[in-house]
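Engineer: quick one, structure for this:
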Amino acid sequence: MSPKRALDVMLACFLAPLPICLLPVMWLVGRVEGSGGPFYRQDRIGLDGGTLRLLKFRTIGSPRNPLPARLFLKLARTLGLDELPQILLVARGDMSFVGPRPLLPKELFRYRGGKHVGLPAAIDLRQSAMPGITGLAQISIRTRERRGASYWQMLERDLWYAENRSMGLDLLILVFTPLYVMSLGRILFPRWLIRGRSPVLLIPGESDVVSHPVS
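Structural biologist: Predicted coordinates for the structure are as follows:
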């Protein structure tokens, strides 16, 4: 077992009670709003292009829901509580706590087929890292800027992580993730720790830049 996998298993065992304790609350809120079960499943691209069935708590409700339910679901999204079921995927070995966020199939294949000369190699490098619950791109962009972040801005950070991944870097990202969440995106991963650009990804032209939310 690699050190990264050992860390994932240890953290998964330690944090597993969190989604288990939150499950009855999410089930109750789901019953109140009539949205069905507490979970939301979506097919994403996993390690080396494989299929990953992403698991989240369902936090997108109807505006007709009672105000307390809407406020709770908004708070759950803000604090990232909807991502907690992915701890089970980490325990199973389908994900890691730290790594690039898994892309939707339509996103991966749209960008792989783009005109940018370095893009196929860049995506292959990105996908060579185990997808994670949190990652460098998620904690190095301010919350208010995340929806407007370009695909290139996210990809460059994921590539830097894929080229420089180490236990030390994973531990730093794990330390800064709760700081980022609790400060509502004001405490960022230090930029001075991210040195240089990936040689795989050439500088794109303006026509190549695609808006892409960092999820």
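Engineer: give me the neighbour count for P68.
Structural biologist: By other Cβ atoms under 10 Å, 10 other residues sit near P68. To be clear about C-beta, it is placed using only N, CA and C from the backbone, and glycine gets the same treatment.
Engineer: and what of Q153?
Structural biologist: 18.
Engineer: quick one, what contacts it?
Structural biologist: Contacts for Q153 (Cβ atoms under 8 Å, 6 or more residues apart in numbering) come out as A137, I141.
Engineer: next, it: phi, psi?
Structural biologist: When read as degrees, to the nearest 10, the backbone of Q153 gives phi -60, psi -40.
Engineer: next secondary structure after the helix or strand that Y40 is a member of?
Structural biologist: Secondary structure from DSSP states H and E places Y40 in strand 39-45. Downstream of strand 39-45, the first helix or strand assigned by DSSP H and E is strand 51-57.
Engineer: show me what whichever helix or strand comes after that next one is packed against.
Structural biologist: Sequence-wise, the next helix or strand downstream of strand 51-57 (DSSP H and E) is helix 67-78. Helices and strands touching helix 67-78, as assessed by 3 or more Cβ pairs under 8 Å, 6 or more residues apart in numbering; DSSP states H and E, comprise helix 17-33.
Engineer: change it to 10 Å
Structural biologist: helix 17-33, strand 51-57 (3 or more Cβ pairs under 10 Å, 6 or more residues apart in numbering; DSSP states H and E).
Engineer: now do it, average pLDDT.
Structural biologist: Averaged across helix 67-78, pLDDT comes to 84.
Engineer: can you give me the end-to-end distance of stretch 124-141?
Structural biologist: End-to-end distance of stretch 124-141: 23 Å, with Cα to Cα, to the nearest Å as the criterion.
Engineer: quick one: mean pLDDT for it?
Structural biologist: Stretch 124-141 carries an average pLDDT of 92.
Engineer: buried set for that stretch?
Structural biologist: Neighbour-count burial for stretch 124-141 flags 125-127, 129-141 (criterion: 16 or more other Cβ atoms under 10 Å).
Engineer: nearest to R101 among the residues you listed?
Structural biologist: The shortest approach to R101 among the buried residues of stretch 124-141 belongs to G135, at 5.7 Å (Cβ to Cβ).
Engineer: show me what contacts the most centrally placed residue in the chain?
Structural biologist: Central residue of the chain (Cα atoms, centre = their mean): R101, 3.7 Å from the mean position. Taking Cβ atoms under 10 Å, 6 or more residues apart in numbering as the criterion, R101 is in contact with 44, 54, 83, 95, 131-135, 137-138, 154, 158, 214-215.
Engineer: restricting to C-alpha, output the strand holding Y40 in CSV.
Structural biologist: Included here for strand 39-45 are C-alpha records, laid out as CSV according to Å, rounded to 0.1, in the frame of the first residue of the first chain:
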residue,chain,number,x,y,z
PHE,A,39,-28.1,11.2,-2.5
TYR,A,40,-27.3,12.6,-5.9
ARG,A,41,-25.3,10.5,-8.3
GLN,A,42,-23.5,11.6,-11.5
ASP,A,43,-21.1,9.9,-13.9
ARG,A,44,-17.7,11.5,-14.0
ILE,A,45,-14.3,10.6,-15.5
